[in-house]
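Q: this one's sequence-less:
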């Protein structure tokens, strides 16, 4: 018996599917999505929440949940977290603002990690060359929770960059999210408190929060400089 010869259209469809779902096609989709998200941020300017406030018709627990969802989407689109944390404190106060900001932080990190892992990891891993990049990848892959916890506690690396770097590594999803949730608490709380007390800049709570932000920033800079120096001369 003769085997049926596949139709030319079937072979073309298979080749198109391979191209469409190839690593570089998926990476191109990720770049397009991030560029579109960044353009939307520039267009709608979410930072206006600090000056215009929250819509009057939205309040209570629903507003806190909605802000957390918006926070997550904005961080995945590269909106700076300090700005969103200050807004959370100014809009909802210290306690509700902290809950909303932390939930949004974990959500935004999870979105970025999932997108980077699904669309970018396969294409970008072969490009990890150079001592610094290989060392960073090794740390994140072998000591994921500990490394990410340190990054979140001393935020010298931009939030979005840390998310996508972790996604390209072999770090697990659970340790990434757990380290993000725990490590983001101190810095997030400081910004939220500062935002909630911005109307009284001489209050002890505001001064302590700002002092914590400055100290952690200096420590993060010192650690980054030391690591870079050791990698150059190690």
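A: Sure thing, it's come through. Since the model is a prediction, treat every value here as computed from it, not as a measurement. Residues are numbered from 1 along each chain as shown.
Q: centre of the chain versus the longest helix along the chain, how much separation?
A: Across the chain, the longest stretch assigned as helix under DSSP state H is helix 81-115. In terms of Cα atoms, centre = their mean, to the nearest Å, the centre of helix 81-115 is set 11 Å apart from its chain centre.
Q: Show me which positions of stretch 173-193 end up buried.
A: By neighbour count with 16 or more other Cβ atoms under 10 Å, stretch 173-193 contains the buried residues 175-181, 183-184, 187-193. Using the backbone N, CA and C atoms, a C-beta is placed for each residue, glycine as well.
Q: Would you point out the most distant pair within these?
A: The two members of these with the most space between them (Cβ to Cβ) are 175 and 193, at 28.0 Å.
Q: re earlier: which of the buried residues of stretch 173-193 sits closest to residue 140?
A: Within the buried residues of stretch 173-193, proximity to residue 140 (Cβ to Cβ) peaks at residue 176, which comes in at 8.9 Å.
Q: For the closest one, give me its contacts.
A: In this structure, residue 176 makes contact with 109, 113, 144, 145, 148, 166, judged by Cβ atoms under 8 Å, 6 or more residues apart in numbering.
Q: switch the cut-off to 6 Å
A: Applying Cβ atoms under 6 Å, 6 or more residues apart in numbering to residue 176 gives the contacts 113, 148, 166.
Q: need the residues you listed in JSON lines with neighbour count, pLDDT and distance to residue 82, can you?
A: Compiled in JSON lines, the contacts of residue 176 are given as follows (neighbours: other Cβ atoms under 10 Å; pLDDT from 0 to 100; distance: Cβ to Cβ, whole Å):
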{"residue": "113", "neighbour count": "22", "pLDDT": "92", "distance to residue 82": "21"}
{"residue": "148", "neighbour count": "27", "pLDDT": "91", "distance to residue 82": "19"}
{"residue": "166", "neighbour count": "29", "pLDDT": "88", "distance to residue 82": "20"}
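Q: Turn the residues you listed into CSV, columns for distance to residue 212.
A: Shown next, in CSV, are the contacts of residue 176 (distance: Cβ to Cβ, whole Å):
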residue, distance to residue 212
113, 27
148, 20
166, 25
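Q: residue ranges with poor pLDDT in the protein?
A: For the chain, residues meeting the criterion pLDDT under 70 lie at 1-24, 46-58, 121-133, 224, 226-234.
Q: which residues of it fall in helices?
A: Along the chain, the segments classed as helices by DSSP H run 8-20, 23-44, 49-52, 60-76, 81-115, 121-124, 131-142, 144-153, 159-168, 173-183, 185-196, 204-233.
Q: between the longest one and helix 23-44, how big is the angle?
A: What that stands for is helix 81-115. Helix 81-115 and helix 23-44 meet at an angle of 150 degrees, taking axes from the mean of the first three to the mean of the last three Cα atoms, to 10 degrees as the criterion.
Q: Helix 81-115: which residues count as buried?
A: Taking 16+ other Cβ under 10 Å as the neighbour-count basis, helix 81-115 is seen to contain the buried residues 81-92, 94, 96-113, 115.
Q: What of the second one?
A: Of all the residues in helix 23-44, those buried under the rule 16+ other Cβ under 10 Å are 26, 27, 30, 34, 37, 41.
Q: Which secondary structure elements does that helix sit against?
A: Helix 23-44 makes packing contacts with helix 121-124 when contacts are defined by 3 or more Cβ pairs under 6 Å, 6 or more residues apart in numbering; DSSP states H and E.
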